[in-house]
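[1] here is my input; please provide its structure:
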Amino acid sequence: MSAGPTPLHRARMDRFVEAGLYLVTSEALSAGRGTPEIVRAALDAGVRLVQLREKELAGRDLFKMAEEVRALTADAGALMLVNDRLDVALAAGADGVHLGQGDLPIAAARAVAPDLIIGASSHNPTEARAAEAAGASYVNIGPLFTTGTKPWSGDFLGIAGLRRIAPFVHVPFTVMGGIKIEHIPPLLQAGARTIAVVTAVTAAERPGDAARALLAAMGRGLK
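    Predicted coordinates for the structure are as follows:
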């Protein structure tokens with residue numbers, strides 16, 4: 001049985017819920033630019049939550065990039081999570097890991113890493129409830145809108161899907177999938193507070209300006 005959240009986990013989650021915009025990286029979708037360059041621009045714009053999601057990189061190269069991005073986020077006072085790879089998250093000193101439906105079980109990850117933020121992907125109320133029960137720190141709801149970031153054969157949830165799933169989630173939740181700046185107002189109205197984006201920043205002509213505009217649309221940003 002879990003002993004409950006540790007003080008470090010609680011402190012990290014306090015910062016998580018304050019961040020608002022959640023940048024998820026993809027060097028393959030960054031218009032020929034490196035992920036560290038994108039992250040640096042986003043941090044300069046006020047982003048304080050970054051997930052390193054580099055599906056094409058093998059473990060050693062992913063770890064090398066994680067160390068570089070961890071240094072950037074640490075200097076900016078931002079959180080960094082690693083997608084899928086708990087081992088890389090721990091080795092690079094990340095703040096957390098995000099796990100998909102086919103990754104290491106949440107309970108097993110929590111047993112190994114009680115201080116880490118552990119996020120979980122969900123596509124319906126059943127998956128969201130199961131992730132929360134297993135000890136997820138937060139649940140991601142998506143994909144909401146049409147996206148080419150990853151293959152998807154199911155239905156896109158949209159705002160209506162978000163409204164169906166959110167009432168079942170009692171931990172913080174994030175939303176993701178094809179989100180552009182015009183989606184921000186209806187997402188906020190539907191209760192979203194942490195909004196994850198990939199290409200809205202990584203593929204933008206000026207990633208820093210794109211991140212700044214998204215933060216402003218959310219009523220967030222540098223003071």
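
[2] low-confidence ranges, this protein, go.
    The chain contains residues with pLDDT under 70 at 1-3, 148-153, 221-223.

[3] if you set the cut-off to 80 instead, what comes out?
    1-4, 147-154, 221-223 (pLDDT under 80).

[4] tell me where it has helices.
    Remark: helices assigned in the chain by DSSP state H are 7-19, 35-45, 59-76, 86-91, 106-112, 125-134, 158-165, 184-189, 199-202, 207-217.

[5] of all the ones you listed, which lies closest to Gly142?
    Gly142 lies closest to helix 158-165 among the helices of the chain, at 8.6 Å (C-beta to C-beta). Just so you know, the C-beta spots here come from the backbone N, C-alpha and C atoms, and that holds for glycine as well.

[6] could you find the closest non-adjacent residue to Gly119?
    His98 (4.0 Å; C-beta to C-beta, 6 or more residues apart in numbering).

[7] next: Pro36.
    Glu68 (5.2 Å).

[8] quick one: the helices of the chain as a markdown table, columns for mean neighbour count and distance to Leu144 too.
    Below are the helices of the chain laid out as a markdown table (neighbours: other C-beta atoms under 10 Å; distance: least, C-beta to C-beta, whole Å):
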| stretch | mean neighbour count | distance to Leu144 |
| --- | --- | --- |
| helix 7-19 | 15 | 19 |
| helix 35-45 | 21 | 21 |
| helix 59-76 | 17 | 26 |
| helix 86-91 | 20 | 25 |
| helix 106-112 | 16 | 22 |
| helix 125-134 | 17 | 14 |
| helix 158-165 | 16 | 6 |
| helix 184-189 | 15 | 8 |
| helix 199-202 | 24 | 12 |
| helix 207-217 | 21 | 15 |
